[in-house]
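Trainee: this one's structure only:
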């Protein structure tokens, strides 16, 4: 391991919504709050997309765009499910997910999360262990994430759907 300087490029996002002072004053709802919410939603969507699948041009490069074996302090590794575009039949379907967990170094695994879109979540929720128990545990409390094999699951809508050759699930410490 080495110590040194690492330059992290930053990219600016801005918005210039147009509304007249009269419309802001006369509206029966808070247009300022509504505009703030719309802008925040658009910014969040753009940031999510960039961090997941961004091409690095005037935005960050997404973690899903790196090739298998790319060394970014630690290696990016891809784990195949064993069935193209699907999971292996029960009870072996979750084995690739276990492989993902244990390919990650222990110091990163402690805070690891699974990342996938809602379509993939629907498929993963059906996976069972060898005893027939679901490996997905739904959240028991508001504001708490569901867990998969003991790790939290986060919804990343910019991740690919499960299909032939897709990279549909990520696991790591963000």
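Mentor: Sure, I can see it. From a predicted model like this one, the values you see are computed outputs, not experimental measurements. Numbering: from 1, shown residues only.

Trainee: residue boundaries of the strands in the protein?
Mentor: Remark: strands assigned in the chain by DSSP state E are 71-72, 74-75, 113-116, 136-137, 147-148, 151-155, 170-172.

Trainee: quick one: which of those strands has the weakest pLDDT on average?
Mentor: Least confidently modelled of the strands of the chain is strand 74-75, at a mean of 64 by mean pLDDT.

Trainee: ok so, going back, looking at the strands of the chain, which is nearest to residue 61?
Mentor: For the strands of the chain, the distance to residue 61 is smallest for strand 71-72, at 10.0 Å, taking C-beta to C-beta. No exception for glycine: its C-beta is placed from N, CA and C like everyone else's.

Trainee: what's near enough to touch residue 60?
Mentor: Residue 60 is in contact with 11, 50-51, 54, counting by C-beta atoms under 8 Å, 6 or more residues apart in numbering.

Trainee: by mean pLDDT, flag the weakest helix or strand of this protein.
Mentor: strand 74-75 (a mean of 64; mean pLDDT, DSSP states H and E).

Trainee: determine the longest helix present in the chain.
Mentor: helix 31-53 (DSSP state H).

Trainee: and that one, what other elements does it pack with?
Mentor: helix 21-26 (3 or more C-beta pairs under 8 Å, 6 or more residues apart in numbering; DSSP states H and E).

Trainee: before we move on, the earlier item: can you list the neighbours in contact with the longest helix of the chain?
Mentor: Counting by C-beta under 8 Å, 6+ apart, 11, 13, 15, 17, 19, 23-24, 59-60, 62-65, 156-159 sit against helix 31-53.
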